[in-house]
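Undergrad: everything below, folded, please.
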Amino acid sequence: MHDRFHVMQLATRAVDQVRRAEHRELLAHGDDRLSKTKYVWITSQEHLSEKQQALFDETYTLQLRTGKAWAFKEMLRDLWTQPDTSSATGYFQAWYQRVIHTRMEPLKQVARTIKERLRNVVSDCTHGITNAVAEGLNSKIMAIKRRVGGYRNREHFKTAILFHCGGLSLYPQ
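TA: Model (predicted):
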């Protein structure tokens, strides 16, 4: 949970929780302004289609809590642009103070979660080292295991892992 992917995943889920709660409140009053906008708020702005961008622009100007939650999420993305540990820590502290004084409980929970792990998150910000390769390899190993329904013999499982993940060929040159 210390890398950019997982931190931003938490923040994006929080934005969606804020959107869903606000959408329920608005619908109770007969207002459907947030209808069909889910993907506008959970997709990175650079990946929005023209139609989605137009819908985002139209909805964002309505000054809803969802728009504010989205803005806080986007501010959090800038944490990874900080040049060193002290500026990343200072940036997070300023972001945390702004978020913690809102009424958006899902975002507050994200802020508290990051604060608990701040040293590791900031370390990831400045070093940029991830465990993506290890997670990919683990995923491949679990797929091998699922494919045959498990292995009774540990040596056979080890051989299958070495064969599939080690780049071995059935037909040696």
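Undergrad: where does the residue lying closest to Asp32 once chain neighbours are set aside fall, secondary structure wise?
TA: In this structure, Asp32 finds its nearest non-sequential neighbour in Leu26, 7.0 Å apart by C-beta to C-beta, 6 or more residues apart in numbering. Placement of C-beta: from N, CA and C, glycine included. Assigned by DSSP states H and E, Leu26 belongs to helix 4-28.
Undergrad: what's that helix packed up against?
TA: Packing partners of helix 4-28 (3 or more C-beta pairs under 8 Å, 6 or more residues apart in numbering; DSSP states H and E): helix 38-42, helix 65-77, helix 105-116, helix 118-127.
Undergrad: pLDDT at Lys158, what is it?
TA: pLDDT recorded at Lys158 is 84.
Undergrad: how far does stretch 144-163 sit from the chain's center?
TA: Computed by C-alpha atoms, centre = their mean, to the nearest Å, the chain-centroid distance of stretch 144-163 equals 32 Å.
Undergrad: same check, this time on stretch 81-95
TA: On C-alpha atoms, centre = their mean, the centre of stretch 81-95 falls 19 Å from that of its chain.
Undergrad: list of residues touching it?
TA: 72, 75-76, 78-79, 111, 114-115, 118, 121-123, 125-126 (C-beta atoms under 8 Å, 6 or more residues apart in numbering).
Undergrad: list the contacts for the residue nearest to Asp32?
TA: 32-34.
Undergrad: returning to what we had before: now flag whichever of the contacts of stretch 81-95 is closest to Gly167.
TA: Taking C-beta to C-beta as the measure, Gly167 lies nearest Ser123 of the contacts of stretch 81-95, at 31.9 Å.
Undergrad: Ala88 versus the closest one, what's the distance?
TA: Taking C-beta to C-beta, to the nearest Å as the criterion, Ser123 is separated from Ala88 by 9 Å.
Undergrad: still on that earlier bit, so which of the helices and strands packed on helix 4-28 is nearest Ala11?
TA: Per C-beta to C-beta, nearest to Ala11 of these: helix 65-77, 4.4 Å.
Undergrad: what's the angle from the closest one to helix 4-28?
TA: Counting by axes from the mean of the first three to the mean of the last three C-alpha atoms, to 10 degrees, helix 65-77 lies at 170 degrees to helix 4-28.
Undergrad: report the rounded mean pLDDT for helix 65-77.
TA: pLDDT averaged over helix 65-77 gives 94.
Undergrad: stretch 31-48 too?
TA: 90.
Undergrad: quick check: end-to-end length of that stretch?
TA: 24 Å (C-alpha to C-alpha, to the nearest Å).
Undergrad: so how far is stretch 38-49 from its chain's centroid?
TA: The answer for stretch 38-49 is 13 Å, by C-alpha atoms, centre = their mean.
Undergrad: cool, thanks, talk later.
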